[in-house]
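**Q** okay, here's the prediction I keep looking at, along with the sequence it came from:
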Amino acid sequence: MPKAFLIDTTRCTACRGCQVACKEWKNHASLPTKQRGTHQNPPDLTPVNFKLVRFAEHMVDNKVAWYFFPDQCRHCLSPNCLAVATDFVEGCATYDEKTGAVLYNEKTKQLTKEQAQEVIEACPYNIPRRDEATGMLTKCNMCIDRLQANRLPMCVKTCAMGAMNFGDRDAMLKLAKERLATVKKKFPKARILDQDQVAVIYLVANDPKMYHKYAVASASGPMTRKQFFAKVFAPARSSART
């Protein structure tokens, strides 16, 4: 059965343990940090930062409220990026039927810079990044190596607050509904984000726009030809997997 994450942002303390653990497990290089008026570092996802805890500060009821959002690939059920990428280079991205992970591989290096940009723009969550040194497209791979060894994704394993959960999709959807009912008692505007579209499901306490511009799928802007075909064929791929 396909897997899913439930990320309960109401339990996130922005310790960034998930962010560090992801980088360490994948043996990614460190990046220099800089104070930009926020504790969020780096300022965005990068080819070596597949996980990023985003910080957003707002005034709510005359009080400062912090909203934390552990951003990562959503592993869409009908991934536009995969359709666009493989239309350019066959086999450069795959969907793992057992886990639901959307995976990029070395063949993405064959994409031109312009083609890679089309793949990036096809993602409604603004996730993929291109490594300028190698030309490879990168993003979270659901710790597929750990899953194949019956281990939890590293970010979930590391989360001490219970904000990150992982398991069979049905179980995670059930847990999401249970948590939402509890959270709504304190945060009436709480909601679950895009649960019918993604394998990485977020629970937020307030308007998702207060967390991150791409907390929910963005449909803004014109579609490229490649994006259009991705949308056209998405239902067929989804039906084939159900």
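**A** Alright, I've got the coordinates.

**Q** list the contacts for the closest residue to residue 144 other than its chain neighbours?
**A** With sequence-adjacent residues excluded and distances taken as CB to CB, 6 or more residues apart in numbering, residue 144 is closest to residue 101, at 5.2 Å. Every residue, glycine included, has its C-beta placed from N, CA and C. Counting by CB atoms under 8 Å, 6 or more residues apart in numbering, residue 101 touches 3, 75, 95, 141-142, 144, 147, 199.

**Q** and residue 101, how far from residue 5?
**A** 11 Å (CB to CB, to the nearest Å).

**Q** any residues in contact with both of these two?
**A** Common neighbours of residue 101 and residue 5, using CB under 8 Å, 6+ apart, are residue 199.

**Q** which residue, other than its chain neighbours, is closest to residue 96?
**A** Leaving aside its chain neighbours, residue 96 sits nearest to residue 103 (6.1 Å; criterion: CB to CB, 6+ apart).

**Q** averaged over its residues, what pLDDT does the helix or strand harbouring the one you found have?
**A** Using DSSP states H and E, residue 103 sits in strand 102-104. Summarised as a single mean, pLDDT over strand 102-104 is 98.

**Q** could you name the helices and strands sitting against it?
**A** Contacts defined by 3 or more CB pairs under 8 Å, 6 or more residues apart in numbering; DSSP states H and E place strand 102-104 against helix 80-88, strand 93-95.

**Q** in terms of pLDDT, where does the residue lying farthest from the centre of the chain sit?
**A** Largest separation from the mean C-alpha position in the chain: residue 62, at 31.5 Å (CA atoms, centre = their mean). Predicted confidence (pLDDT) for residue 62: 90.

**Q** contacting residues for it?
**A** Shown in contact with residue 62 (CB under 8 Å, 6+ apart): no residues.

**Q** 654 is where my numbering starts, stick with that
**A** Renumbered: residue one is now 654, and that last one reads residue 715.

**Q** which residues of the chain fall in strands?
**A** Secondary structure of the chain (DSSP state E): strands at 656-661, 705-713, 716-724, 746-748, 755-757, 782-783, 790-791, 817-821, 844-846, 853-857.

**Q** can you put those in CSV and add mean neighbour count and distance to residue 693?
**A** Listed next are these as CSV, based on neighbours: other CB atoms under 10 Å; distance: least, CB to CB, whole Å:
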stretch, mean neighbour count, distance to residue 693
strand 656-661, 24, 17
strand 705-713, 16, 4
strand 716-724, 17, 9
strand 746-748, 20, 28
strand 755-757, 22, 25
strand 782-783, 19, 16
strand 790-791, 23, 20
strand 817-821, 19, 18
strand 844-846, 18, 20
strand 853-857, 25, 17
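
**Q** mind putting these into JSON lines with distance to residue 869?
**A** Shown next, in JSON lines, are the strands of the chain (distance: least, CB to CB, whole Å):
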{"stretch": "strand 656-661", "distance to residue 869": "13"}
{"stretch": "strand 705-713", "distance to residue 869": "14"}
{"stretch": "strand 716-724", "distance to residue 869": "11"}
{"stretch": "strand 746-748", "distance to residue 869": "22"}
{"stretch": "strand 755-757", "distance to residue 869": "18"}
{"stretch": "strand 782-783", "distance to residue 869": "20"}
{"stretch": "strand 790-791", "distance to residue 869": "23"}
{"stretch": "strand 817-821", "distance to residue 869": "19"}
{"stretch": "strand 844-846", "distance to residue 869": "5"}
{"stretch": "strand 853-857", "distance to residue 869": "9"}
